[in-house]
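[1] Structure of the sequence below:
(chains A, B and C)
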Amino acid sequence: MEFHGSITPQSVEEMDLRRGPWTVEEDLLLMNYIAAHGEGRWNSLARCAGLRRTGKSCRLRWLNYLRPDVRRGNITPEEQLLILELHSRWGNRWSKIAQFLPGRTDNEIKNYWRTRVQKHAKQLKCDVNSKQFKDVMRYLWMPRLIERIRVASGDPTAVEPAAHWTPELAPVNPSPDNSSTAGSPSLQFSPQPVPDICADCSTRQGDGNGGDVIQPGEFAASWSASALSPGGDAHLGLLDFDQIQWGDSLWTVEDIWLQQQF
DNA sequence: AACCAGCGCAACCGCAACTAG
DNA sequence: ACTAGTTGCGGTTGCGCTGGT
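    Prediction:
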């Protein structure tokens, strides 16, 4: 097809495209259309549903917001832990990570990482991808999260820093047919003697990526000693760390600790 | 009460991979 | 084999909300 000038039917259509926040009417149109015809083929879906949106926009809106099994709101400690662990394995593979958190979207996990985790890296004045920060996550935050989870679940063994855990890494099948699987979490904690996160880290140190990274046992000894020492920073270290949410800024102790360790 | 800065989230953009013709 | 269209992903941005001054 040949068109003269710069105005093609496609560009006319583009000029008519809506952008920005979705309205309730648009949401209803999209939901009703998908309920009747299913999802997929987003460009034609957008046209057929009478939406003046791009297919990409429709897809994003559906996946991140309108999907019936999508969960929004507080990221639980279990989910935080899983995100930290999976990110340490795969990096910014948000969609892959999201497969292991039922109902969570890659966008939400990405936002969580950027707003919460990177903020703490900033507070620690180190790069989120630095070994230093990763060690803090692995040996400080994650064990504390595990402990919080255990305390919350009423597990009496919650006292010792939880070094042995393994998420059952079963990706949630995002197939459209079983969208009703919402609420069947794939994340479970079990005392299986499989390589834990610290062991995993130690293993990786051997394959050339590691350096003079502090060893898990070494960390546990030094950290628990300082944290529990009477008159020391225990009240700041243990208690406050237990109480903090990811939004809080109580990094004095960690700063001190970092300076001691690294 | 007004202003401002920081935060959180929804949405967009660009690119790469995939698919159909 | 090539091309155009589509889909999916990760990075980025814009804006409303909230808390502090």
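
[2] Break chain A into its domains for me.
    Per automatic domain parsing, the domain ranges recorded for chain A read A:9-66, A:77-261.

[3] Which of those domains comes out lowest on mean pLDDT?
    With a mean of 58, domain A:77-261 has the lowest mean pLDDT of the domains of chain A.

[4] and chain A, which of its residues are near DNA strand C?
    A:40-44, A:55-56, A:59, A:92-96, A:106-107, A:110-111, A:114 (C-beta under 7 Å from any atom of the strand). Every C-beta, even on glycine, is put in place using the N, C-alpha and C of the backbone.

[5] Mark which of the residues you listed are buried, thanks.
    Buried residues within the residues of chain A next to DNA strand C, counting neighbours by 16 or more other C-beta atoms under 10 Å: A:42, A:55, A:59, A:94, A:106.

[6] Spell out the secondary structure type for the residue nearest to residue A:132 when sequence neighbours are not counted.
    Closest residue in space to residue A:132, ignoring its immediate chain neighbours: residue A:126 at 4.9 Å, by C-beta to C-beta, 6 or more residues apart in numbering. With DSSP: H, G, I helix; E, B strand; the rest coil as the basis, residue A:126 sits in coil.

[7] Against residue A:46, how distant is residue A:126?
    Distance from residue A:126 to residue A:46, counting by C-beta to C-beta, to the nearest Å: 44 Å.

[8] do the same with residue A:121
    Look at residue A:121 and residue A:46: by C-beta to C-beta, they are 39 Å apart.

[9] what does residue A:154 give?
    To residue A:46, residue A:154 is 49 Å away according to C-beta to C-beta.

[10] which one of those two has more residues nearby?
    Between residue A:154 and residue A:46, counting by other C-beta atoms under 10 Å, residue A:46 is the more crowded of the two (22 against 7).

[11] ok, the more buried one touching residue A:58?
    Yes: using C-beta atoms under 8 Å, residue A:46 makes contact with residue A:58 at a distance of 4.7 Å.

[12] ok so, going back, near DNA strand B, which of the residues of chain A next to DNA strand C show up?
    A:56, A:107, A:110, A:111, A:114.

[13] Cool, thanks, talk later.
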